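Q: Quick one, structure for this:
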Amino acid sequence: QVQLVESGGELVQAGGSLRLSCAASGGTFSNYAMGWFRQAPGKEREFVAVISRISSTYYTDSVKGRFTISRDNAKNTVYLQMNSLKPEDTAVYYCAAKNVPRLNGIPVGVYDYDYWGQGTQVTVSS
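A: Below you'll find the predicted structure:
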């Protein structure tokens with residue numbers, strides 16, 4: 001069983017930056033692809049970014065060039081660096097883990113993932 005704990009969300013002005021962290025425990029971190037999702041009020045949870053076991057990455061179009069996902073296997077932690085934040089980035093951000101046999105596997109669907117954190121609130125003011 002994998003436990004995920006997100007941190008780093010807060011209120012920030014448009015154009016600002018935040019770095020979210022997600023600490024994992026209870027499993028072999030290097031065996032997991034790690035994803036970030038977000039859910040705004042009244043909307044479905046949506047994919048943001050994913051990083052494979054060998055650090056291949058993929059992003060949803062709306063965050064390309066602004067967000068960067070990375071992982072530190074020694075610290076069992078995945079990060080989401082968010083720059084040039086916009087009010088439409090406001091949401092609860094969740095990290096998720098998927099045990100994948102392929103080193104370059106990059107699952108992008110909500111239902112692809114096995115484990116989820118509790119989320120961290122990001123609010124971007126205009």
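Q: So what sits opposite the closest residue to residue 71 other than its chain neighbours in the bridge?
A: Leaving aside its chain neighbours, residue 71 sits nearest to residue 78 (4.7 Å; criterion: Cβ to Cβ, 6 or more residues apart in numbering). C-beta here means a position set from N, CA and C on the backbone, and glycine is covered the same way. Residues in a beta bridge with residue 78, per DSSP bridges, are residue 22, residue 71.
Q: Repeat that for residue 115.
A: Beta-bridge partners for residue 115, by DSSP bridges, are residue 97.
Q: Check residue 38 too.
A: Beta bridges link residue 38 to residue 46, residue 93, judged by DSSP bridges.
Q: Spatially central residue for this structure, please.
A: Among the residues of the chain, the one closest to the centroid is residue 36, at 2.1 Å (Cα atoms, centre = their mean).
Q: In contact with the residue nearest to residue 71, which residues?
A: Going by Cβ atoms under 8 Å, 6 or more residues apart in numbering, residue 78 touches 21, 22, 24, 34, 36, 51, 69, 70, 71, 72, 95.
Q: And these, which is closest to residue 122?
A: Closest approach to residue 122 among those (Cβ to Cβ): residue 36, at 10.7 Å.
Q: For the closest one, give me the pLDDT.
A: Note on residue 36: pLDDT of 98.
Q: I'd like to know how many residues surround the nearest residue to it once chain neighbours are set aside.
A: Spatial nearest neighbour of residue 36, excluding adjacent residues (Cβ to Cβ, 6+ apart): residue 48 at 4.4 Å. By other Cβ atoms under 10 Å, 24 other residues sit near residue 48.
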